[in-house]
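Student: attaching a predicted model along with its sequence, questions to come.
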Amino acid sequence: MFREMRRIKQLLSMEETEAVMNRCTNGVMACIGDEGYPYAVPLSYVYYNGKIYFHSAKAGHKVDAILKNPKVSFTVIDEDTIVSKEYTSYFRSAIAFGKARITEGTEYQEAFRVLVEKYSGDQPEEEKQNKISRCDQAYIIAIDIEHITGKEAIEYVRAKNNSHL
């Protein structure tokens with residue numbers, strides 16, 4: 001159902017791909033928007049239990065698109081260093097495909113907790129708990145991942161291979 005990566009030598013292992021997903025703090029979700037136009041929106045997110053979670057207002061383009069067609073893709077860029085003398089950039093990224101849905105109950109609470117921890121982990125615990133318990137203004141949306149891959153510049157692959165020699 002999902003295409004195989006053309007440059008298979010640049011494919012990251014699942015462990016490396018998950019590390020990319022955990023390191024990054026923002027990504028871009030693409031979905032089908034109004035009038036069938038692609039809609040790509042940057043998001044703060046957390047990768048947790050093999051899913052992507054983010055918060056959203058309860059009304060708007062993003063929610064409307066997801067409710068109409070839950071199939072989405074989500075991309076993060078972990079590294080993007082311009083190497084001008086080579087007319088390229090050295091990169092590392094991940095892309096996930098899946099279905100987005102609004103969470104409820106304990107999943108909502110747990111996902112909200114890990115989002116708060118990722119983005120305000122240095123705040124006092126009491127303040128974080130207060131924020132979580134009082135929030136009913138937003139949805140927490142999950143992307144149930146059906147396919148995920150990571151890719152890096154061939155130069156990074158070569159560097160890893162040379163370090164093993």
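Tutor: It's in.

Student: drop to CA atoms for contacts and neighbour counts, all remaining ones
Tutor: Fine.

Student: roughly how far does A65 sit from I52?
Tutor: A65 sits 17 Å away from I52, going by Cα to Cα, to the nearest Å.

Student: can you check Q109 too?
Tutor: In terms of Cα to Cα, Q109 sits 15 Å off from I52.

Student: give me the more crowded residue out of those two.
Tutor: More neighbours surround I52 than the other of Q109 and I52, with 20 against 16 (other Cα atoms under 10 Å).

Student: beta partners of the more buried one?
Tutor: Y47, I143 (DSSP bridges).

Student: that one and V46 touch, don't they?
Tutor: Yes: taking contacts as Cα atoms under 8 Å, I52 lies within contact range of V46: 5.8 Å.

Student: got the contact list for the strand or helix carrying A159?
Tutor: Using DSSP states H and E, A159 falls within helix 154-163. When contacts are defined by Cα atoms under 8 Å, 6 or more residues apart in numbering, helix 154-163 is touched by residues 9-10, 90.

Student: what do you get if the cut-off is 10 Å, keeping everything else the same?
Tutor: With contact meaning Cα atoms under 10 Å, 6 or more residues apart in numbering, helix 154-163 is reached by 7, 9-12, 89-92, 151.

Student: and if you look at stretch 119-134?
Tutor: If you take Cα under 10 Å, 6+ apart as the criterion, stretch 119-134 is touched by 25, 44-46, 109-110, 112-117.

Student: buried set for stretch 19-36?
Tutor: Buried residues in stretch 19-36, counted by 16 or more other Cα atoms under 10 Å: 20-21, 24-33.

Student: among the residues you listed, which pair sits farthest apart?
Tutor: Distance extremes for the buried residues of stretch 19-36: the farthest pair is V20 and G33 at 27.2 Å, using Cα to Cα.

Student: mind listing what's buried in the longest helix anywhere in the chain?
Tutor: For the chain, the longest helix by residue count, based on DSSP state H, is helix 105-120. Buried positions in helix 105-120, judged by neighbour count with 16+ other Cα under 10 Å: 108-109, 111-116, 118.

Student: include distance to D78 and pLDDT when you put these into CSV, please.
Tutor: CSV is the format used below for the buried residues of helix 105-120 (distance: Cα to Cα, whole Å; pLDDT from 0 to 100):
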residue, distance to D78, pLDDT
Y108, 27, 92
Q109, 28, 89
A111, 22, 93
F112, 23, 91
R113, 24, 90
V114, 20, 94
L115, 19, 92
V116, 21, 90
K118, 17, 93
